[in-house]
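Q: Would you be able to build a 3D model of this:
(chains A and B)
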Amino acid sequence: MDKAISPVGITSGRGGTSVTGQGETHSIDRPRIIVICGPTGLGKTAVAVTLAEAFHAEIISADSMQIYRHMTIGTAKPTPLEQAGAPHHMIDIVDPDQSFDAAQYARMARAIVVDLHGKGRSVLVVGGTGLYIKALVHGLFQAEPPDPHIRQRLKEEVETIGMDVLYRRLVADDPAAAGKIHANDQFRIIRALEVREATGQPISDLHQAHGFVDEPFAVLKIGLHMERDALYDRINRRVDAMIDKGLLAEVQGLLTMGYSADLKSMQSIGYRHMAAFIQGHLSWDEAVRTLKRDTRRYAKRQLTWFNKDPGLLWMNPDNPDAIRLQIEHFLQNRQTEPQ
RNA sequence: GGCGGCAUGGCCAAGUGGUAAGGCAGCGGCCUGCAAAGCCGUUAUCCAUCAGUUCGAAUCUGAUUGCCGCCU
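A: The predicted structure follows:
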């Protein structure tokens, strides 16, 4: 990788760390956080709650869907009982029709980390949304919040003049970024052009300057691991359990409340499947089948994300004592870890 | 017991003499303000088995096995 080029990156990363004070110095009193991540459905919540109780810690959820109110069965939100066992943050913080993104997440979650650190509480960051965890731990490059008008206009341009034209524009404007973005990746083409327009700078420069070198916290990252077959099995069973608990009714309720099926939140796994069934686009069997399949695929994507993280320690969820020891060691050991 | 049909990768399935479409499922990967989203790549030395015809067969012939129909 290219983490060697740090002298440039540090200056621009500053803004993101302001919330924590002097972020880039590896001072001994950096807040310590323990990240518990892993694929969906393997039982992160249960493990995390147990650990939180043991360490008198609070949990910051790192889950891009549990932030939504009214979406509880399909997102496998921690139960009231579990939340009573350990205080949870970043859950139920926005309505399903409100916009939210990784930068907002990082800002809020970092503030909570600092606050808890000030109170002397230990912090567990628990979740499966890789980008949110990365944004919390390393920050994102600084830019103005996306201008909805620019984004909207670019989306319209895709319709009118075609994505290939936009892609060629990007190739001309920012060849470095274009080289990393596939011509079919509308999502990132638009984002790159949007940043270029809003800031006047190529996104590739901003990326390079940032470089994820910012490290305001001391982090222990634990990935919960389970064999693929066993995981898929659990996922299939958990989907059945969600349905038993009334997933269909929950989605029906959201629609009744006026939350449209094409909201981002309603397009997530489980919600879109139930909505498609309600609207008659899918048979019940198809809805359940594809719901299970899409959950499995999601878990697989998460695994490739986490597998790439060299600082992550894979541990077995069935051996909580080993995890506990690891955390104890991390919390007590004052010498800085390699990270 | 007799007659007929069908046997192609995990599943569905095209291909009737010239060197194995496609879909699904799976697998591998990407990811810097929509991330449970979005995107890319990949999967049969071989067509039930054996023998034969042919320069050449998944494709033709015969036998065997299995499955499905119909008949006595």
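Q: Could you tell me which residues of the stretch 101-250 of chain A lie near RNA strand B?
A: Taking C-beta under 7 Å from any atom of the strand, the part of the stretch 101-250 of chain A that reaches RNA strand B is made up of A:101-104, A:128-132, A:140-146, A:151, A:155, A:180, A:182, A:184-188, A:190-191, A:195, A:203, A:207-208, A:210-212, A:228, A:232. Heads up, the C-betas are built off the backbone N, CA and C, glycines and all.
Q: Look at the residue nearest to A:Ser64 when sequence neighbours are not counted and report its pLDDT.
A: Leaving aside its chain neighbours, A:Ser64 sits nearest to A:Thr129 (4.4 Å; criterion: C-beta to C-beta, 6 or more residues apart in numbering). Looking at A:Thr129, its pLDDT reads 98.
Q: So what's the residue count around A:Thr129?
A: Neighbours of A:Thr129 under the rule other C-beta atoms under 10 Å: 22.
Q: check contacts around it.
A: Shown in contact with A:Thr129 (C-beta atoms under 8 Å, 6 or more residues apart in numbering): A:62-64.
Q: from those, which are also near RNA strand B?
A: A:63-64.
Q: Return the subset of the contacts of A:Thr129 lying in helices.
A: Among the contacts of A:Thr129, no member is found in helices (DSSP state H).
Q: Among the contacts of A:Thr129, which one sits closest to RNA strand B?
A: A:Ser64 (2.7 Å; C-beta to the nearest atom of the strand).
Q: How about the backbone phi and psi for the closest one?
A: In terms of degrees, to the nearest 10, the main-chain angles of A:Ser64 are phi -70, psi -10.
Q: now it: how far from A:Met71?
A: Using C-beta to C-beta, to the nearest Å, A:Ser64 is found at 11 Å from A:Met71.
Q: Report how many residues lie close to A:Tyr68.
A: A:Tyr68 - counted by other C-beta under 10 Å - has 29 other residues nearby.
Q: typed the wrong thing, it's A:Gly162
A: Residues within reach of A:Gly162, counting by other C-beta under 10 Å, total 11.
Q: A:Met274 too?
A: 28.
Q: What sits closest to it if chain neighbours are left out?
A: A:Val251 (3.8 Å).
Q: Surely that neighbour touches A:Ala275?
A: Yes - if you go by C-beta atoms under 8 Å, A:Val251 and A:Ala275 touch, sitting 5.8 Å apart.
Q: Quickly list what's touching both of those two.
A: A:Met266.
Q: quick one, what contacts the closest residue to RNA strand B within the stretch 151-300 of chain A?
A: Ranked by C-beta to the nearest atom of the strand, the top residue of the stretch 151-300 of chain A for proximity to RNA strand B is A:Ser268, at 3.1 Å. For A:Ser268, the contacting residues are A:65, A:71, A:74-75, by C-beta under 8 Å, 6+ apart.
Q: Between which two of these is the distance greatest?
A: Farthest apart among the contacts of A:Ser268 by C-beta to C-beta are A:Met65 and A:Gly74. That separation is 7.8 Å.
Q: Doesn't A:Lys77 belong to a helix?
A: No - counting by DSSP: H, G, I helix; E, B strand; the rest coil, A:Lys77 is not part of a helix but coil.
Q: I'd guessed it sits against A:Met90; true?
A: No - between A:Lys77 and A:Met90 there is no contact under C-beta under 8 Å: 11.3 Å.
Q: tell me, what's touching the two both at once?
A: A:Gln66.
Q: Flag the shaky bits of chain A, pLDDT-wise.
A: Under the criterion pLDDT under 70, the flagged ranges of chain A are A:1-28, A:334-339.
Q: Closest to the centroid, which residue in it?
A: A:Thr129 (2.7 Å; C-alpha atoms, centre = their mean).
Q: residues of stretch A:99-109 that come out buried?
A: A:100, A:102-106, A:108-109 (16 or more other C-beta atoms under 10 Å).
Q: Check the separation of the first and last residues in stretch A:198-212.
A: End-to-end span of stretch A:198-212 (C-alpha to C-alpha, to the nearest Å): 22 Å.
Q: same check, this time on stretch A:205-220
A: Stretch A:205-220 end-to-end distance (C-alpha to C-alpha) = 30 Å.
Q: cool, stretch A:311-331 as well?
A: 17 Å.
Q: Could you give the separation of it from the chain centroid?
A: Taking C-alpha atoms, centre = their mean, to the nearest Å, one finds the center of stretch A:311-331 at 21 Å from the center of the full chain.
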